[in-house]
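J.: Generate coordinates for the sequence data below:
(chains A and B)
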Amino acid sequence: MGTGVGSNRGTGVGLDSEPSLNRSDMRGHFPEKQGLYDPAFEKDSCGVGFVCDMKGRKSHDVISKGLEVLERMGHRGAVGADPRTGDGAGILIQIPHGFFVKRLREQGLSLPDPGEYGAGLIFMPRDPDCRKRCETILQDEILREGQIFLGWRDVPVDESMIGEVAKSKQPVIKQIFIGRGGSCRDQGSFERKLYVIRKVAEKKVSSSDIPGKDFFYITDLSSKKITYKGLLMPEQVPEYFPDLKDEDTVSALALVHSRYSTNTFPTWDLAQPFRYLAHNGEINTLRGNINWFRSGERLLASSLFGNDIAKIKPVIVEGGSDSASIDNVLELLVLGGRSLPHALMMLVPEAWEHNAGMKKEIRDFYAYHACIMEPWDGPAAIAFTDGTDIGALLDRNGLRPARYLITRDDLVVMSSEVGVLDLDPAEIKYSSRLEPGKILFIDTARQRVVSDDEIKNELSAKKPYGEWLNENLVGLEDLPSAVVTSKRTSDVFKMLRCFGYSREDLNAILKPMAEEGKEPVGSMGNDSPHAFLSKRPQLVFDHFKQLFAQVTNPAIDPIREDIVMSMETFAGTGSNILTESPDHCRKLSIPDPILTNSGLDKIKYVNTEGFKTKTVHMFFDPVREGDFVKALERICYEGAYAVEEGYNFLVLSDRGVNSEKAVLPSLLALSALHQHLVSMSIRTQISIIVESAEPREVNHFALLLAYGADAINPYLAYEAIEEMTRSGKLSCGKEKAVENYRKAVGGGILKILSKMGISTLRSYKGAQIFEALGLGKELVDAYFTNTVSRIGGVGLEGIRKDAVLRHEAAFSGFADGGYTALDTGGIYQWKRDGEFHLWNPESIALLQDSVRKGSYDVYKKFAALIDDQSENPTTIRSLFSFVERRSIPIEEVEPVENILRRFATGAMSYGSISRNAHETIAIAMNRIKGKSNTGEGGEDPARFVPLPNGDSRKSAIKQVASGRFGVTANYLINADEIQIKISQGAKPGEGGQLPGHKVSAIIARTRYTTQGVTLISPPPHHDIYSIEDLAQLIFDLKSVNPKARVSVKLVSEVGVGTIAAGVAKGHADMILISGADGGTGASPRTSIRHAGLPWELGLSETHQTLALNNLRDRVKLQTDGQMRTGRDVALAAILGAEEFGFCTAVLITLGCVMLRHCHLNNCSVGVATQDELLEKRFTGRPEYVVNYMNFVAMHLREIMASLGVRKLDDMVGMTDLIGINKGILPEKAENTDLSGILYRPDVTVDFSGSRKTEVENDNRNRLDQEIIRVSEDAIDRGTPVSAQYHIRNYDRAVGARLSGRVCADRGEQGLSEDTIKCRFDGFAGQSFGAFLARGITFELAGMANDYVGKSLSGGKIIIFPGKGATYVPEDNVIIGNTCFYGAVAGEAYIRGRAGERFCVRNSGLYAVVEGVGDHGCEYMTGGRVVVLGKTGRNFAAGMSGGIAYIYDKDHDFSEKCNRSMVEIETLTDEDRNLVSELVGNHHRNTLSKVAERILENFSEEITRFIKVMPIEYKRVLGAKEMEEKMGLGEVSDG
Amino acid sequence: MGDVRGFLKVRRKEAAYRPVCERVKDFEEVAVPTPPKDAEYQASRCMDCGVPFCHWGCPIGNYIPEWNDMMFKQDWENAFKMLASTNNFPEITGRICPAACEQACVLGINDEPVTIRENELSIIEKAFGSGMVKPNIPERRTGKKISIIGSGPAGLACADQLNRAGHSVTVYEKDDRPGGLLRYGIPNFKLDKKILNRRIDLMAAEEVKFISGVEVGKDMTLDDIMRKSDAVCLAPGSGRPRDIDIEGRELEGIHFAMDYLTQGNRIAAGEAIDPREAISAKGKKVVVIGGGDTGSDCVGTANRQNAECVVQIELMPKPGECRSEDHPWPMYPTLLKTSSSHEEGVTRDWSVFTKRFTGSEGKIEKLECARIEFSREGKDKCPVMKEVKNSGFCIDADLVIIAAGFLCPITEKLLSGVRVDLDNRGNIKTDANMMTGAERVFSAGDGRRGQSLVVWAISEGRRCAHSIDKFLMGKSFLPVM
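T.: Here you go, the predicted model:
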């Protein structure tokens, strides 16, 4: 048990003298870290909401309504393996004084007046003695702090309905009552004192030896508010706590939260609300935020706290969730004197950096606070309260839904969904949603809602922030230039050699960056050794892998959504965050962290008051062995000394290397210094700038920033570029080349940030969003503290040796200079004298030969080349060997046919590969009853019909990816499996783009878009921002096609196991863990090599985590990513996979020879091209693929026989079949420890009849089933039918199953218009009218939630306010976010406003709406949208097709439009006719007043319309018109 | 990659030969140099493949895509440097290499391969022509002395590499001028000796010392040389020809190809030949036995000597014009090759087995031949040769040239008294680092690996140089490849 490998996260930075409270040490809540499972990776997201009487009237009704809100969001939470154990739920209310008086009187206790005492719910150990000891600690602390201990109350609970898991971890729950002592003058100081008591008691219990102390948890101690929560399901909360049902329990506010954790092991104490907030979301930059906070803790001082400040450190309880951590900081800021909104604006600022529409004062406020604290970055809807005021706030991206209603009797209801209370439309006064970066605030003292504007105006006027900034904040551009004599390196090539630059670095990395200003693109994955296995010297950078967001958190599109991104940093000395002064913003603002030489010199030789710079060199003596580590120590010492000396900037430099002075790897030196200063709590007092020759590619810069650099000057990369311009290698001049290069680096860094869902560099800095692969534990602990490195590996000595080798190569070699002096490289291209590749000329040739000849013998030669990597260890699995076991005759092993069914091919779209190649693969896989995959590009319905010879070109797996191209009800109903692609191996966390010139007529047709128009796949699915969203999408897909299994494709990275657990809880049938090395797709070269991890780790972690959680038998596991031989398959099975995917190998059998040009459309063998001429060169045949698959299966059977295994299922997870072949590890990595991968949890999993949760047959599609029942005739014979239903928020995906049914019978064309007409009233649940097929019309009187009309497939949706509503529709939000995402065809008329991202990726819908939120019509490729009201920011971002018409009454549209791809035009006659028709329809369908007014005075009003026209679309339409005139070919549109 | 669609725009265009009627009259080179502009276009056809099979197929691993790209961009200087970094004598391989690279070219799968060999030649001739090729004398000398025995392509490549590493190199040649097979084995019409002299002069200018006309083992002993050197490299070539030991072999007018070609080259170089030893094809019926490149060179030489007619026979069956299943791409296939010499007039025949030579007055008159066929008995068994019944026929001949390949080096005198072992084929035996049984004595080239291509000899010489350098210095910065 508990092997030594695994992460060291959660071990605390341990810098403070205070005993550190470390929750992950508290065994009993979580299983111990074991194998690859680590509780540190648990993630959650949730439903959050509140009910508040804005007049402050306390009532029991508010609590009942709060509980109802909680219960009605039940589907947003999750249940684990135990159906009656939720992930946690709770409610925060005001102290119910009357109730407490009543109850305590029964115990003979009396309470002082309200506000004069505090109370809190406390989780206690179950053992009475232990409990007593905890109680004593708390009571003692109360007395020590001069307060009055009033008494304990046993909180009655009814545990009869809670699940076994919850029960097994259930604490004893007590309430404590504390009277205000004389030392506290007011309620504020009393609240602070209660906080101090709690913090000290927590620490004391934690450091005590009380058995069962891990049960101890103080939910809160407060004189204003109290929380009831636990490991409960929402509906269990009032049942479990009878207190909440007592009519005397009253409150004016109720904050509720229901948790959905990916978490395998939910715990009582992680239930929310926390003390001040409940959070739906995820803080991506947590590690950085914690480190920065810790780093500044020494400076904390407050007149309010006085000497107590020392007692509360560490403020952040290590090991808590991200939500718990931000609550810790919020609590301190609020108790330290800032108002709640003020503190939250510091922590989660709006996107102010590029917002020209924002008032200057507010921008100043944000800029000032940006000097004090970096954002806690990540998607967040935060509901907060201090027990008096209540509110909610959304992060800058607004990626969590937050709807609110205000009723006529002054109730405010905020929640993730609308319709969580059954309100009569007439009661609704106002309906809206929280917008990105905005605050909803209810001031119960003022008895009203305070608007976002008002609150921000007030706060920003409190101090002269603008003046302070003017006087103190210095821009880098404002610093005087330094006069420095030229210091160009004398021999560039010698330097390049010294820093390990290869010719490839110049040709494949620097050159494209300098010429195009973009990151270079490559294809076909990574088949070269991991850095720790490579025989060639490696840069330290190469040992790190980028982490990325999946499922629990969306990636961002840094190009189309650049309004939220920021690269600006503020460098200089940090200050006490509890106070405000002009000095706090005495900082240097650096707009771009990649410094030019002159920019660096400005800082290096700064001569401005308040700024001082110290330069420290990164040199060591290559001859003296011990000097390497001494040099690191020296740097740390010099850094700390510089802080003491009052320097603000420290330049870590490697300029001046020579034959005697060798250079420390910059990342190692930097991180060592950074971690050292963090550990001394002085890191915030100095900024570190790296002046290094080493960094050249984007990943290097990202790493330096993530490990603490404030800015970087890559002087040698600049010189290399200059050299290339000199020798004519570049097509542009020197200045332009360097500028392009910096631009490419900047763009690349933004991409890396955004793939983790991080928007600002300020947050990314120091956030360590990387996993080390193959770095030794001691090295990581010492210099890259808290970085995950799961298999150990190369230590400091290995790194030193590589550094010395590079130095010798430069200074001892006799190379004549010039390009030939540089190493060949061989990373991106196979080279004989370069890095090893598994796909090399021999292996490619043998594989092709084997399948063409049908020769298993030749295949075995191929397999031997791949499997025996003893000369060139490349993969983790190369280190494995099979143990000796008694073999069985091969006849006893299950037959090839059975095995073939487990094989799939990877998701390669028709578009990325040629039609021939795509169909050949489908035919082959259908022949062997395996599965091929459409990829993201739809599928021509003609392929659904079998060929005369019995072959089928239909792909069994239909992929649903972020662009939703080709996803229609008919497509989905024709699937055996529907695969939700969250990430892909080649570029996890990134979107994609199919340039217009590749979108041929036929591709456009299968994707339901327009020929010649660029197609953009966004980085995230816009309907999956969190785990509960994914569960919703799974639900939607299962609704439309209940027979298909739904799979979710993830990419291996640390924590993927816990994400998979969440996915399993979301009712996926299969989870695919892709290795990051796989992937044929075109992708930035740094992503191919440096993002994500191999499948061995991800698969094993997933299998272990699911098994530990008793979820393993709910899902099947598949893996892929550089799968080639039967041995690969056998090892994958042993590590936990039941199914296997192949990609590159299949293409090679079809003729691919790894040109790696797939992105250039010039594939000379016709595999990855759409060029007609080249496609003809394709010579692949289904037989080849069939042969290959058979060979792999035969090979696998041989291995199974030798291991004595009869059935593949018997092998799954049996890691004792694998031994470790340490002998082939290179010397530098001899301490690699793979036991974590081979760890086998002590859990039995039965694979024979997988326990599946049956969701198909439950009544979740209640409404659809009713509609289908009445529509039988309509579907069979086309007889029109209409029906009327009441709808509630838990009626989700209504219409999906109906549409599936219609397409199953009628195919793509569906029914004729309005055949099935349904009228609904009420609040529709999410995905209302999703996939609605042609001929179905849905009319809703009421409101709808998110995802209305998702992938609308020809149906019609009409929504207007419910009967009796008096609110003005065009001012109120009536439908949620991301409506009509990926709509293909149909009509929609919405009387009222929509949320964010209306019509995102619409390709054919005609819609009318009365207002939209931010990012309207994003990525749209076709269709028409008429907006009769206000739009939010960033309208038309990435819009390449279709047309939008905006009724721009106030002439403020143009500034909200993202014009990078569209033009704003006036309407033509044709446009006028169309608008007239659509507005007419709108009026007829919804009785819209706006429409009526426009129609009444049409000739006047039409002039107020603006036409938003994509530039590319216009060109294509123009060409189409021309062709039509000339009678030429057909162009498809929508 | 010069132009991503270059291979779709430009068709393969090979270098032209001078007209047959003109070229058979002299011993000048047959090929017409490709104009640089054409060469640039041809270079644009290179696809810069992710797995450059050409680079894999080339024994010395030329960085073909890299220099094709530079060449297309007219960066001739760097193209030359890149080429020179892997190939010591591109002007030679550029003329006579059978170009395994082109057989492995990805474009060759379904189109015509890039003209790699000719591109190579264009680069190096451009480099010589515009003065880029200058003597490059090492800045520092190591003080180590190395002797190389044999000045064929292996010996020369080894010398060139070791000289670059700063060692003092002396090359010993038994003939009167250095070059070995390059000088005497390859006819002038394929490789003009001016080209060879240009290279040897350059090496001499770079301080490589050449001692010709000294046969080690005869004029001085290997031991003598070893005493004067820190290391020795034996590169004697594979000098022992395969004979056809049948009845009538002793008849006058039957010669080994190498004797014939050597003489031809001497004559072309203006040397006088003792008429008693002269082998001339003038007015004769010539039969060349052996269908390989050497045989083809003999055909060309005979035609230039105004033979009456030339017949070339080969034991093996006539190869196909397309790849067979046995040699799938990217392997080097056995294909029917028609060289420039063949174009000049020859009757070729295959599957011909010579049973005896007959003649009168001690002079050859006829070859008695028969047809043979090969059968494979069972899978993976060696083909078995069988005479076809009643297939006998005769070929008239005044002159027979035996071009049946080479067996092993001639080492009796060279190695006398030194502990250098031979393998069972008679080749010099070395360890993985190319060191022979004798300490400090290394070996490279055909004498070590057996009869092969010039480009392999260069590869041998380079690898041997790396080994010697590493042996002497502890580590080597010379390329392994």
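
J.: quick one, helices of the stretch 1401-1534 of chain A?
T.: Here the stretch 1401-1534 of chain A has its helices, by DSSP state H, counting those that start in this stretch, at A:1469-1486, A:1489-1496, A:1498-1501, A:1511-1525.

J.: Tell me which of these sits nearest to A:Pro714.
T.: Minimum separation from A:Pro714 across the helices of the stretch 1401-1534 of chain A (C-beta to C-beta) falls at helix A:1511-1525, 35.1 Å. C-beta: built from backbone N, CA, C; applies to glycine.

J.: which other helices and strands contact the closest one?
T.: If contacts are counted by 3 or more C-beta pairs under 8 Å, 6 or more residues apart in numbering or on different chains; DSSP states H and E, helix A:1511-1525 sits against strand A:1441-1447, strand A:1462-1465.

J.: Format the helices of the stretch 1401-1534 of chain A as a markdown table; extra columns: mean pLDDT.
T.: Formatted as a markdown table, the helices of the stretch 1401-1534 of chain A follow (pLDDT from 0 to 100):
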| stretch | mean pLDDT |
| --- | --- |
| helix A:1469-1486 | 97 |
| helix A:1489-1496 | 97 |
| helix A:1498-1501 | 96 |
| helix A:1511-1525 | 84 |
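
J.: which one of these lies closest to A:Tyr647?
T.: helix A:1511-1525 (50.8 Å).

J.: tell me the pLDDT at B:Ala257?
T.: B:Ala257 is assigned 97 on the pLDDT scale.

J.: Can you tell me, leaving aside adjacent residues, what's nearest to it?
T.: Nearest residue to B:Ala257 in three dimensions, chain neighbours excluded: B:Ala403, at 3.7 Å (C-beta to C-beta, 6 or more residues apart in numbering or on different chains).

J.: dump the residue contacts of that neighbour.
T.: B:Phe256, B:Ala257, B:Val288, B:Ile289, B:Gly290, B:Gly292, B:Thr294, B:Gly295, B:Asp297, B:Cys298 (C-beta atoms under 8 Å, 6 or more residues apart in numbering or on different chains).

J.: what's the following helix or strand after the longest strand anywhere in chain B?
T.: Counting residues, the longest strand in chain B under DSSP state E turns out to be strand B:363-376. Next in sequence after strand B:363-376, counting helices and strands by DSSP states H and E, comes strand B:383-387.

J.: For that next one, which strands pair with it and how are they oriented?
T.: Here strand B:383-387 has these sheet partners by DSSP bridges: strand B:363-376 (antiparallel).

J.: buried ones in the strand it pairs with?
T.: Using 16 or more other C-beta atoms under 10 Å in any protein chain shown as the burial criterion, the residues of strand B:363-376 that qualify are B:Ile364, B:Glu365, B:Lys366, B:Leu367, B:Glu368, B:Cys369, B:Ala370, B:Arg371, B:Ile372.

J.: Switch the residues you listed over to JSON lines; also include distance to A:Leu299 and pLDDT.
T.: Below are those laid out as JSON lines (distance: C-beta to C-beta, whole Å; pLDDT from 0 to 100):
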{"residue": "B:Ile364", "distance to A:Leu299": "106", "pLDDT": "96"}
{"residue": "B:Glu365", "distance to A:Leu299": "110", "pLDDT": "97"}
{"residue": "B:Lys366", "distance to A:Leu299": "108", "pLDDT": "96"}
{"residue": "B:Leu367", "distance to A:Leu299": "103", "pLDDT": "97"}
{"residue": "B:Glu368", "distance to A:Leu299": "106", "pLDDT": "97"}
{"residue": "B:Cys369", "distance to A:Leu299": "102", "pLDDT": "97"}
{"residue": "B:Ala370", "distance to A:Leu299": "102", "pLDDT": "97"}
{"residue": "B:Arg371", "distance to A:Leu299": "99", "pLDDT": "96"}
{"residue": "B:Ile372", "distance to A:Leu299": "96", "pLDDT": "94"}
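
J.: dump the residue contacts of the residue in the stretch 901-1050 of chain A positioned nearest to chain B.
T.: Nearest residue of the stretch 901-1050 of chain A to chain B, counting by C-beta to the nearest C-beta: A:His997, 12.5 Å away. Neighbour list for A:His997: A:Gly1012, A:Asn1161 [criterion: C-beta under 8 Å, 6+ apart].

J.: three-state assignment of it?
T.: helix (DSSP: H, G, I helix; E, B strand; the rest coil).

J.: how far away is the residue nearest to B:Gly150 when sequence neighbours are not counted from chain A?
T.: Spatially, and ignoring its direct neighbours in sequence, B:Gly150 is nearest to B:Ala235 (3.6 Å; C-beta to C-beta, 6+ apart). Relative to chain A, B:Ala235 is positioned 23 Å away (C-beta to the nearest C-beta, to the nearest Å).

J.: Please pick out the residue of the chain most distant from its centre.
T.: Went with chain A since none was named. Taking C-alpha atoms, centre = their mean, the residue of chain A most remote from its mean C-alpha position is A:Gly108, at 53.2 Å.

J.: looking at chain B here, not the other one
T.: Distance to the chain centre peaks in chain B at B:Asn390, reaching 38.6 Å (criterion: C-alpha atoms, centre = their mean).

J.: If you tally nearby residues, what's the number for the residue of the stretch 651-800 of chain A found nearest chain B?
T.: Relative to chain B, the nearest point of the stretch 651-800 of chain A is A:Gly728 (5.9 Å; C-beta to the nearest C-beta). A:Gly728 has 13 neighbouring residues, counting by other C-beta atoms under 10 Å in any protein chain shown.

J.: quick one: it and A:Tyr741, what's the gap?
T.: A:Gly728 is 17 Å from A:Tyr741, where distance means C-beta to C-beta, to the nearest Å.

J.: Quick check, the residue in chain A closest to chain B?
T.: In chain A, no residue comes nearer to chain B than A:Arg1156, which is 2.8 Å away by C-beta to the nearest C-beta.

J.: how many other residues sit next to the nearest residue to that residue once chain neighbours are set aside?
T.: Counting by C-beta to C-beta, 6+ apart, B:Gly50 is the residue found nearest to A:Arg1156 once chain neighbours are left out, at 2.8 Å. Counted with other C-beta under 10 Å, the neighbours of B:Gly50 add up to 22.

J.: one step back: for A:Leu1340, state which of the contacts of B:Ala403 is nearest.
T.: For those, the minimum distance to A:Leu1340 (C-beta to C-beta) is 85.7 Å, reached by B:Gly292.

J.: Please tell me how far the closest one sits from B:Ile402.
T.: 12 Å.

J.: For these two, work out which one has more neighbours and name it.
T.: B:Ile402 (25 against 17).
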